[in-house]
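**Student:** sequence-free structure coming up:
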C-alpha cells in the first residue's frame, strides 16, 4: 500500500453545476464510463461518446449486456470527468436515463461515421442514453 | 453535436490483464470511480482510493448512499483508468466486490491519515471494497 502522491494541501471547494454546463463539459471530452447492472452486479465500462442534444450516444457490440438493457428501456448512468490528482481540481458529470438501441439504419449509420471505435472489436450497435437526470460538480480552490 | 477529436486512425488492440497487474495499476493512480445503486438507479461517483492488499479503500460521508450499502454487504464496482483519447491507448481496471465499513477506530484512523479527502466535505467514514473479481484491459497498437 502506498500513500497518495504529494498534492496541493488545500481542500477543494465543490460547486454544483447546472444541466447545460454539464452537457457542454460532457460534449467536450471524447470518452466516459457507462454504468449498469449485469447479472445483478454493477458494471462500469469506459467508452467513447458523442453528446447529441439531450442524449449521450455510444457504441456497443451486438449481444452485449448493455445492448440487452436497451430492450427493456432500463436506466443506465454515464459519467465523465476531468480531474487532476495533483491540484485536486476539475469536474465530473453524471447523466442518468433510459438506454435505447438506435434501430433506424440511416441514423445508426450517421452515428457510426461520427463515433469511431477505439478498438478493432465489433461495436456496431448504437445506444442512445436519454439525459433524464444530469448532475455534476466542479472542484476548485 | 461535435465529432470526436482527430485521433490516431489505427484501431487499438485490447489485451486482457491479469489480477496482479490490475491491482498494481490501480494502486498506481490516485482516484477512480465507485459504482452502486441508489433508489434502484445506477450511480457512478469519482473518489480517491488506496489499494491495500486485496481491497480498495475509499472515504465517504456518514449517511451516504454508499455507506448504507456497506450495512448489507452489497456488491459495488470500482473502476479506474488511464486512457488517452488521442493515441487511443491506455488501460482500465474494474474491481467488483462487497463493500464494508471499517469500524475498528484504530484502523479507520490509519486509513484517514493515508487517504486525504480532496474536498472540505465530511468524508470520515472508511469503506473497504473486497476485490472479489478483478478484470482489466490494456489498449495498445
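**Tutor:** Noted; the coordinates are in hand. Quantities reported herein were computed from a predicted structural model and do not represent experimental measurements. Residues are numbered from 1 along each chain as shown, chains lettered A, B, ... in the order given.
**Student:** Okay, buried residues for the helix or strand of chain A with the lowest mean pLDDT please.
**Tutor:** Lowest by mean pLDDT, DSSP states H and E among the helices and strands of chain A is helix A:65-70, with a mean of 81. When neighbours are counted by 16 or more other C-beta atoms under 10 Å in any protein chain shown, the buried residues of helix A:65-70 are found to be A:66, A:67, A:69, A:70. Yep, even glycine has a C-beta here, placed from its N, CA and C like the rest.
**Student:** Go ahead and confirm residue A:118 touches residue B:12.
**Tutor:** Yes - between residue A:118 and residue B:12 there is a contact under C-beta atoms under 8 Å: 5.6 Å.
**Student:** Those two: who's more crowded?
**Tutor:** residue A:118 (25 against 21; other C-beta atoms under 10 Å in any protein chain shown).
**Student:** Check the residue nearest to the more buried one when sequence neighbours are not counted and give its pLDDT.
**Tutor:** Distance criterion C-beta to C-beta, 6 or more residues apart in numbering or on different chains; nearest residue to residue A:118, sequence neighbours excluded, is residue B:88 at 4.5 Å. Model confidence at residue B:88, given as pLDDT, is 92.
**Student:** Tell me how many other residues surround residue B:88.
**Tutor:** Neighbourhood size, residue B:88 [other C-beta under 10 Å]: 23.
**Student:** quick one: the helices in chain A?
**Tutor:** For chain A, applying DSSP state H gives helices covering A:19-27, A:65-70, A:105-114.
**Student:** For burial, what's the neighbour tally of residue A:80?
**Tutor:** As a measure of burial, residue A:80 has 26 neighbours, counting by other C-beta under 10 Å.
**Student:** Does it touch residue A:58 like I think?
**Tutor:** No - the pair residue A:80 / residue A:58 is not scored as a contact, 11.2 Å apart, by C-beta under 8 Å.
**Student:** Give me the common contacts of the two.
**Tutor:** residue A:49 (C-beta atoms under 8 Å, 6 or more residues apart in numbering or on different chains).
**Student:** The spatially most central residue of chain A and chain B, how far apart?
**Tutor:** Centre of chain A computed as the mean C-alpha position; nearest residue by C-alpha atoms, centre = their mean is residue A:78, 3.4 Å away. Computed as C-beta to the nearest C-beta, to the nearest Å, the residue A:78 to chain B distance reads 8 Å.
**Student:** Check which residues of stretch A:22-41 are buried.
**Tutor:** Along stretch A:22-41, the positions that meet the burial threshold by neighbour count (16+ other C-beta under 10 Å) are A:22-23, A:25-27, A:29-37, A:41.
**Student:** An error on my part: the question was meant for stretch A:106-117.
**Tutor:** A:108, A:111, A:112, A:115, A:117.
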